[in-house]
Structures are given as structure tokens and as C-alpha cells.
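>>> Pasted the sequence and its predicted model underneath.
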Amino acid sequence: MILKILCIGDVVGRPGRQVVSQAVPALMRERGVNCVVANVENAAAGSGLTEALYEKFLRYGVDVMTMGDHIYRKADLLPVLERSDRIVRPANFPPESIGREFTLIETKAGPRVAVISLIGRLFIKTVSDCPFHAVERVLARLPRDVKVVVVDMHAEATSEKVAMGWHLDGRVSVVFGTHTHVPTADERVLPRGTAYVTDLGMAGPYDSVLGRRKDRVLHAMTTGMPTPFDVATDDARMYGVIVTVDSDTGLATAIERVRWDAAPGSDGMDD
Ligand SMILES: [Fe+2]
Ligand SMILES: [Fe+2]
């Protein structure tokens, strides 16, 4: 059967949560989306995720959450990372770190979907092993009948994300990049059938610097003085991709960028 997988880039703060709460149910209804994967590493005031917000994303229709370098910012997420099969940590973190290396979920439509998170090593300050070796280890652990595999490559360097796309071409359904918060226009299905995009872009306030208040970031960058980078408020949009996957082969037949603007009059509340 055909699976339509919606992949959503880093959700930033309340404006990001609000637009996700509007967009996900609408895209499921209007576009036949039947699986939703979202990177939520910036959902809690711009950094990390709480248990309450995790529950909210499930209610909005998100099936699996990925994270990144902000994963351990909120202590109350640790029990969720230990018990839930709806959230994964980067598979190339040290084996002792809390969270699962991949998850396998039943979609509402039927086919099982595996989700793997990876983190890059170039220009990013986390303790991690090689993402290329880690993904091989995880792929080898997947049951043979699992064909649909989603990979979030959370990385700063474009080259590292492009390389991961080629590394996995024909072996997973989609490789999408996250972390840089700006959507890229290079979405395509690679020759062996893996959908790829270098960065999904964020779900968050675009009247900002990557989701943070412009005045705060400019003050820090021009004066060198420490400045709190509060989450911005205006021009909330969600960017991501919808990937069409043949669940019999696990390969993609199409990838399309999507943009969803917050409804006019949205007040920043996401309840
Ligand atoms: Fe992020
Ligand atoms: Fe990040």
C-alpha cells in the first residue's frame, strides 16, 4: 500500500507547537497523510521537550518524535525517553545515554515504520560516535519484514547530511536533515529510491533568527554581550515534506515540500 509520511522540522516554542497543532490534522485529512514524524528538540521554550508537551504532540497526531543536541535539556523527559516507543534519541550517542536507538511503530494504515535518529559530528558539540557506523548497526537489528524506514540526520554541516543520503540510498525510505532550521530546496528521490532533503526547516516563528528574537540575537552578535535568546512570536509557519512510500518495497516514489502558515488571529496558544 501507499504510505504518506509527513516529516516536520524542528518545532520551536509555542508558535511552533501551535502551527503543528493546526497543520497536522489538516494534512492528514486533506492530503491523506497516515504517518507523522516530527523533530521536537526546540519545543519547550526553544530548548528540549517536557512530558506534558510530549503528550500534546501525540494528541496533535504526531506518531514519532525525534530530537537532537537539545534532547537532555529537560529532566522530566528522561522517564519518557526510557519508557516510550514514540520518541528516539540519536542512535550514535554513547550506549549509556538514555533513550532508544530506534523505534518500530504500527501505523494506523497498517505497515510498520522504523524511525532512526542520527546526529552529525561536524561543528556540533555533542559526544557521539560515527553516525554512518551507527546506522549500519541499527539497520542490521531491524526485522527483515520492516521495509519502511525514516532517518532524521540532525546535523550542522550540509555535506554530512548529503553524504548520509547517498550512504543510505536504496536502503531506507527517507533521509531528512534537521537542526539548521532553514528549509532547503533540494528535495528529490535519489536514484535507488530514497527520498532526501538536506533540511526540513523549522515549525516556528519566522520573524526571527532561527526561531529566536531578532533583537536579542543582533544584540549578542554586535556587542558580544551575553543575551537571553528568547523565542520569537510572529510569522509562525511549519515546513516539512510529504514522502510517498510503497510499503511493499519501502522505497519512495515522491517527495514534496510543504509549508503551512499559522491561521490568522492565532494567539500563540496551542491548547
Ligand atoms: Fe533545532
Ligand atoms: Fe539541533
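Now that the structure is in, tell me what you want to look at. Numbers count the residues shown, from 1 in each chain. Ligands and ions are numbered 1, 2, ... in the order given.
>>> now residue 254, nearest residue through space, not along the chain?
Leaving out its chain neighbours, the residue that sits closest to residue 254 by Cβ to Cβ, 6 or more residues apart in numbering is residue 244, at 4.2 Å. For the C-beta atoms, the positions are set from N, CA and C on the backbone; glycine is no exception.
>>> Ligand 1 contacts on the protein?
Within the chain, the positions adjacent to ligand 1 are 10, 41, 42 by Cβ under 5 Å from the ion.
>>> rerun at 8 Å
With the criterion set to Cβ under 8 Å from the ion, the chain comes near ligand 1 through 10, 12, 39, 41-42, 68-70, 154, 178-181, 202, 210-211.
>>> In strands, which of these appear?
39, 154, 178 (DSSP state E).
>>> ok, the residue nearest to residue 254 - contacts?
Counting by Cβ atoms under 8 Å, 6 or more residues apart in numbering, residue 244 makes contact with 2, 3, 4, 252, 253, 254, 255.
>>> Okay, the closest residue to residue 187 other than its chain neighbours and ligand 1: tell me how far apart.
Of all residues not flanking residue 187 in the chain, residue 197 sits nearest, at 4.1 Å (Cβ to Cβ, 6+ apart). When distance is defined by Cβ to the ion, to the nearest Å, residue 197 is 16 Å away from ligand 1.
>>> Same question for residue 62.
Distance of residue 62 to ligand 1, given as Cβ to the ion: 16 Å.
>>> I figured that residue hits residue 24, correct?
Yes: applying Cβ atoms under 8 Å, one finds residue 62 in contact with residue 24, separated by 6.5 Å.
>>> list residues touching both of the two?
Joint contacts of residue 62 and residue 24 (Cβ under 8 Å, 6+ apart) are 8, 36.
>>> Count the residues that sit near the residue lying closest to residue 81 once chain neighbours are set aside.
Once flanking residues are discounted, residue 81 sits nearest to residue 99: 3.9 Å by Cβ to Cβ, 6+ apart. Residues near residue 99, counting by other Cβ atoms under 10 Å, number 21.
>>> same check, this time on residue 248
Using other Cβ under 10 Å, residue 248 has 11 neighbouring residues.
>>> ok, it touching residue 145?
No: using Cβ under 8 Å, residue 248 is not in contact with residue 145; the gap is 10.8 Å.
>>> and residue 124, what is it in contact with?
69, 155, 156, 179.
>>> Do I have it right that the last one meets residue 158?
No: in this structure residue 179 lies outside contact range of residue 158 using Cβ under 8 Å: 10.8 Å.
>>> Give the residue from these two that has the larger number of neighbours.
The residue with more neighbours, out of residue 179 and residue 158, is residue 179; 26 against 16, by other Cβ under 10 Å.
>>> Beta-bridge partners for the residue nearest to the more buried one when sequence neighbours are not counted, please?
Leaving aside its chain neighbours, residue 179 sits nearest to residue 154 (4.7 Å; criterion: Cβ to Cβ, 6+ apart). Listed by DSSP bridges, the beta-bridge partners for residue 154 are residue 119, residue 178.
>>> OK, contacts around residue 154?
Shown in contact with residue 154 (Cβ under 8 Å, 6+ apart): 39, 41, 66-69, 90, 117-120, 177-179.
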